[in-house]
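# Return a 3D structure for these sequence lines:
(2 chains)
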Number of protein chains: 2
Amino acid sequence: MNAYQPLSALELLRQLEHRPDALDGLLDACYQRIDAWEPTLGAMTAIAPIARLRAMTQTTGPLRGLPVVVKDIFDTCDLPTSYGSAIYQAHRPTADAAMVTQLRRAGGRVLGKGVTCEFAYMAPTRTRNPLSLDRTAGGSSSGSAAAVAAGYAPFGIGSQTGGSTIRPASYCGIAGYKPTLGLLPTQGMKGFSWSFDTVGLFAAHIPDLTYFARSLTGSVQGGRSRGRSPVIGIPESYPWTQPSDNVERALRQAVEAAKQHGAHMVPIKFPRWMTDLVAAHHMIQSYEAYLTLGPEYDLQQEMLSPMLREFLQKASRVTFADYLAACRQAQLAKFELCKMFSGLDAILTPSAPDEAPSGYSSTGDPAFNRNWTLLGTPCVNVPGLRGDRGGAIGMQIIGLPYEDAQTLQVAAFLEQAIDSLGRRNQPGPD
Amino acid sequence: MNAYQPLSALELLRQLEHRPDALDGLLDACYQRIDAWEPTLGAMTAIAPIARLRAMTQTTGPLRGLPVVVKDIFDTCDLPTSYGSAIYQAHRPTADAAMVTQLRRAGGRVLGKGVTCEFAYMAPTRTRNPLSLDRTAGGSSSGSAAAVAAGYAPFGIGSQTGGSTIRPASYCGIAGYKPTLGLLPTQGMKGFSWSFDTVGLFAAHIPDLTYFARSLTGSVQGGRSRGRSPVIGIPESYPWTQPSDNVERALRQAVEAAKQHGAHMVPIKFPRWMTDLVAAHHMIQSYEAYLTLGPEYDLQQEMLSPMLREFLQKASRVTFADYLAACRQAQLAKFELCKMFSGLDAILTPSAPDEAPSGYSSTGDPAFNRNWTLLGTPCVNVPGLRGDRGGAIGMQIIGLPYEDAQTLQVAAFLEQAIDSLGRRNQPGPD
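Numbering: from 1, shown residues only, chains lettered A, B, ... in the order given. Model (predicted):
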């Protein structure tokens, strides 16, 4: 039996369409996956009793009662919420986060809470990667990503301040989506850096993910395609960590697949300010985290991990003048962003510099994600490619703010292109 | 004895400079004001025991132990926090809001919690206006504004999503400041509309307010003047409620005073999109409030005021498509904003359409504030003028985002100009 077995939500919904009474069976199957794999994977901090999920008889709303794993930085009134921190071990919020309310309104059921790095920062978690059990699932939304990859639930909710949604999605071989900054609510989510904190979504494939996003907002997000081949920008180089050769090869495969599928691939050069944003992200995140985690740092510092404590110590030295200068840089970059996308439907980069690193001493490198989080752009991780070491390598599709529908369409296009590449490469007809 | 008696923080600090042991006496005086006026004014929801404030021996930090009234939508670990709602009557947060942490780090002491409209919306509060006891103090930061006007404390903290800081400051005849969106932390503050929620500050006069802002951020905010007379834009008309004749007269006085003081006053025309933003603000605020107050609306609707319940009922019908369209409008407006300020140091408008209305059935009209809150600009209420009916009329100085220092400078310039006008108009030499 394989730990990696993502469940396509659209397939489950088709089953429910034909047999509305099949929901209990689907829930049973999810709990069986948890029973089988949770001792190995360590993806969950709390699991709702199956009786509770069965007892929620409401199956209206587009999510039709399907289960969802929610990252443990979102408050839930019916499950413990500890933000990955020893300080909040016994914490039980009185109210749901707004995101959880939105989920319930759409007919989703909270199956349990997914492991998060401490306060969604970078201290490693125990969660294993379902695709490669000796590797990290990424972070900080480790649990939600691993749970979706392992088929505990068809949907997961995470968050991203640096690369906490796109990176674990890439490592776990599933679809991940960071919407335009502010489109999904962060109220009732433990904050880290208010200029960047964004809700993230996980599902098996891009169409599942698009359905999830549309269900939550009750919208035409990700609606009809514009009926023409996408124009996709390919950066010639990156102002941050370079991708591994392994990832470079995967990127070439993706580009080749997209071209064969009819996309126009346009080489682009990042403007100078993209380089400056790397430092600006660090400055803003540091200044803001020292405030949002201020109560914990000032009063219970000994309960923080050494990694976070050290980060906050350094963060305390960022001056307001430096913060203000970085905010101004970010604002100017947002003004310039349209130009960078001029003539393009989306930009394509790898989602991470390599496959998931081995072991659990790090959750990996968010270098390919941070600037986009700062810029507030929609980003989608497209799964489907594998690297030399057998791990997943995700491709990141990036669009302009508020162009989420189009960004998801381009991602769906790329996923299809990569899939058909896979099918062509298979040894014989099936 | 007069209920209106704002305390200049800079004056108190000068006293402390000469006699560091004077702090206990200053605290005593604040509590005497509360004893004398609170039964009439109704500005506070919780007051810290004086012994607790005296026992806080830390007088480092630029605020030197001075007391501060904090709006009761900010979590405090040592005082009850009920967000103005019956639902949270017994609520006692485990941690401080980040803003409260920042305040304590700067050497401020939380004297108590100021009355807020229910969840910082518009249902009227019981708080009376210290300047005119038969009128509202404005809202939603009613208590913090009234407390500062009455001399309970030299500083107050409020918030603004529509006009909840600038309007009560205007009505109560004190200085009020809504910083650039995002410069002060809202984590741990009960949210209403995440695109707009902004922390606000109150003090007696602009120099006190500037000192408060600088102390919180440990910065040169509001630093040295640029040594030339400001260029101030005066809109020819407004795309929202028109000001009363009463306010028009006050505005003419302010313009005249500024000119006599050397300012260049430039007539400006608002671009077309300023009109559209009025509806966009309503759309965005509605969509977001229906989510942030979702847990309360879905589970304890009967505990909400009829006014808020009706607002949320209507808000539930705003579609995601409409929300997205309004977000796009807001984004475009932010891109265009620089052009509107081209050649100007700031824009001047009245802070509200009239003096505080009589009675307590409304907290007044935020029409003059909403667009600026949406645009994220710094706004400062300059006190000093009086209307026909004897109430305060505030002038609003507006700057470009991140130009907070300059905006506060222009506000200080205008306050001085208005003050010398007052002195010239006095019957004889003093």
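
# in chain A, which spans are strands?
Assigned by DSSP state E, the strands in chain A fall at A:44-47, A:67-71, A:109-114, A:128-129, A:132-136, A:155-160, A:175-178, A:198-203, A:231-235, A:264-268, A:346-350, A:379-386, A:392-398.

# a markdown table for the ones you listed, including distance to B:T161?
For glycine as for every other residue, the C-beta is placed from the backbone atoms N, C-alpha and C. Output for the strands of chain A, formatted as a markdown table (distance: least, CB to CB, whole Å):
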| stretch | distance to B:T161 |
| --- | --- |
| strand A:44-47 | 33 |
| strand A:67-71 | 27 |
| strand A:109-114 | 29 |
| strand A:128-129 | 42 |
| strand A:132-136 | 40 |
| strand A:155-160 | 23 |
| strand A:175-178 | 26 |
| strand A:198-203 | 21 |
| strand A:231-235 | 38 |
| strand A:264-268 | 39 |
| strand A:346-350 | 34 |
| strand A:379-386 | 29 |
| strand A:392-398 | 31 |
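
# Tell me which of those sits nearest to chain B.
Proximity to chain B (CB to the nearest CB) singles out strand A:198-203 among those, at 11.2 Å.

# returning to that earlier point: tell me which of the strands of chain A lies nearest to A:T275.
With CB to CB as the measure, strand A:231-235 is the member of the strands of chain A nearest A:T275 (12.1 Å).

# quick one: A:A356 and A:T127 touch, right?
No - using CB atoms under 8 Å, A:A356 makes no contact with A:T127, being 11.1 Å away.

# which residues are in contact with both of these two?
Common contacts of A:A356 and A:T127 (CB atoms under 8 Å, 6 or more residues apart in numbering or on different chains): A:136-137.

# Export the strands of chain A as a markdown table, with columns for distance to B:A333 and mean pLDDT.
Listed next are these as a markdown table, based on distance: least, CB to CB, whole Å; pLDDT from 0 to 100:
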| stretch | distance to B:A333 | mean pLDDT |
| --- | --- | --- |
| strand A:44-47 | 42 | 98 |
| strand A:67-71 | 33 | 98 |
| strand A:109-114 | 37 | 98 |
| strand A:128-129 | 44 | 98 |
| strand A:132-136 | 43 | 95 |
| strand A:155-160 | 26 | 98 |
| strand A:175-178 | 24 | 98 |
| strand A:198-203 | 22 | 98 |
| strand A:231-235 | 27 | 98 |
| strand A:264-268 | 28 | 98 |
| strand A:346-350 | 25 | 98 |
| strand A:379-386 | 25 | 98 |
| strand A:392-398 | 24 | 98 |
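
# got those strands as TSV, with distance to chain B and mean neighbour count columns?
Below are the strands of chain A laid out as TSV (distance: least, CB to the nearest CB, whole Å; neighbours: other CB atoms under 10 Å in any protein chain shown):
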stretch	distance to chain B	mean neighbour count
strand A:44-47	18	19
strand A:67-71	14	30
strand A:109-114	13	28
strand A:128-129	31	26
strand A:132-136	28	18
strand A:155-160	14	30
strand A:175-178	15	32
strand A:198-203	11	28
strand A:231-235	21	18
strand A:264-268	22	13
strand A:346-350	18	25
strand A:379-386	17	27
strand A:392-398	17	29
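
# quick one: contacts for the residue in the stretch 301-430 of chain A that chain B sits nearest to?
Residue of the stretch 301-430 of chain A nearest chain B, by CB to the nearest CB: A:F320 (3.5 Å). Contact partners of A:F320, counting by CB under 8 Å, 6+ apart, are A:287, B:217-219, B:221.

# and with 6 Å instead?
A:F320 sits next to B:217-219 when contact means CB atoms under 6 Å, 6 or more residues apart in numbering or on different chains.

# now it: how far from B:Q406?
According to CB to CB, to the nearest Å, A:F320 stands 15 Å off from B:Q406.

# ok, now A:R370?
A:R370 is 31 Å from B:Q406, by CB to CB.

# With A:K334 instead?
21 Å.

# Near the residue lying closest to A:P383 once chain neighbours are set aside, how many other residues are there?
Distance criterion CB to CB, 6 or more residues apart in numbering or on different chains; nearest residue to A:P383, sequence neighbours excluded, is A:G173 at 4.9 Å. When counting by other CB atoms under 10 Å in any protein chain shown, one arrives at 27 neighbours for A:G173.

# A:G173 reaches A:I393, doesn't it?
No - counting by CB atoms under 6 Å, A:G173 does not reach A:I393; the two are 8.7 Å apart.

# And the helices in the stretch 1-150 of chain A?
Ranges of helices in the stretch 1-150 of chain A, per DSSP state H, counting those that start in this stretch, are A:9-18, A:23-41, A:50-55, A:98-105, A:142-149.

# Please name every helix or strand in contact with the first one.
Spelled out, it's helix A:9-18. When contacts are defined as 3 or more CB pairs under 6 Å, 6 or more residues apart in numbering or on different chains; DSSP states H and E, helix A:9-18 packs onto helix A:206-217.

# any residue of the helix it packs on up close to chain B?
Yes - under the criterion of CB under 6 Å from any CB of the partner chain, chain B is reached by helix A:206-217 at A:T217.

# Got the confidence number for the closest residue to chain B within the stretch 51-200 of chain A?
Closest residue of the stretch 51-200 of chain A to chain B, CB to the nearest CB: A:T101 (3.5 Å). For A:T101, the pLDDT comes out at 97.

# The nearest residue to A:L308 once chain neighbours are set aside and A:F196: what is the separation?
Nearest residue to A:L308, sequence neighbours excluded (CB to CB, 6+ apart): A:Y121, at 5.2 Å. Distance of A:Y121 to A:F196, computed by CB to CB: 12 Å.

# Could I get the phi/psi values of the residue nearest in space to the middle of chain A?
Taking CA atoms, centre = their mean, the centroid of chain A lies closest to A:T165, which sits 2.2 Å from it. With angles defined as degrees, to the nearest 10, A:T165 sits at phi -110, psi -50.

# Need the pLDDT of the residue of the stretch 301-430 of chain A closest to chain B.
At A:F320, pLDDT is 96.

# Same check on the one 4 residues further on?
According to the model's per-residue confidence, A:L324 sits at a pLDDT of 96.

# Can you report how many residues neighbour it?
Residues contacting A:L324 under the criterion other CB under 10 Å number 22.

# OK, contacts around it?
Contacts of A:L324 by CB under 6 Å, 6+ apart: none found.

# mind checking how far A:C338 is from A:M274?
A:C338 is 14 Å from A:M274, where distance means CB to CB.

# For the two, work out which one has more neighbours and name it.
A:M274 (18 against 11).

# Next one: the residue nearest to the more buried one when sequence neighbours are not counted from A:H281, what distance?
Spatially, and ignoring its direct neighbours in sequence, A:M274 is nearest to A:P239 (5.0 Å; CB to CB, 6+ apart). Look at A:P239 and A:H281: by CB to CB, they are 12 Å apart.

# Compare those two (neighbour count), which wins?
Between A:P239 and A:H281, counted using other CB under 10 Å, the more crowded position is A:H281 (27 against 16).

# So which bits of stretch A:57-69 are buried?
The neighbour-count check on stretch A:57-69 (16 or more other CB atoms under 10 Å in any protein chain shown) flags A:61, A:63-69 as buried.

# Mind picking the two most distant members of those residues?
Of all pairs in these, the most separated under CB to CB is A:G61 and A:V69 at 17.8 Å.

# Get me the contact residues on chain A for chain B.
For chain A, the residues in contact with chain B (CB under 6 Å from any CB) are A:95-96, A:98, A:101-102, A:182, A:185, A:187, A:191, A:195, A:217-219, A:291-292, A:294-295, A:320, A:328, A:402.
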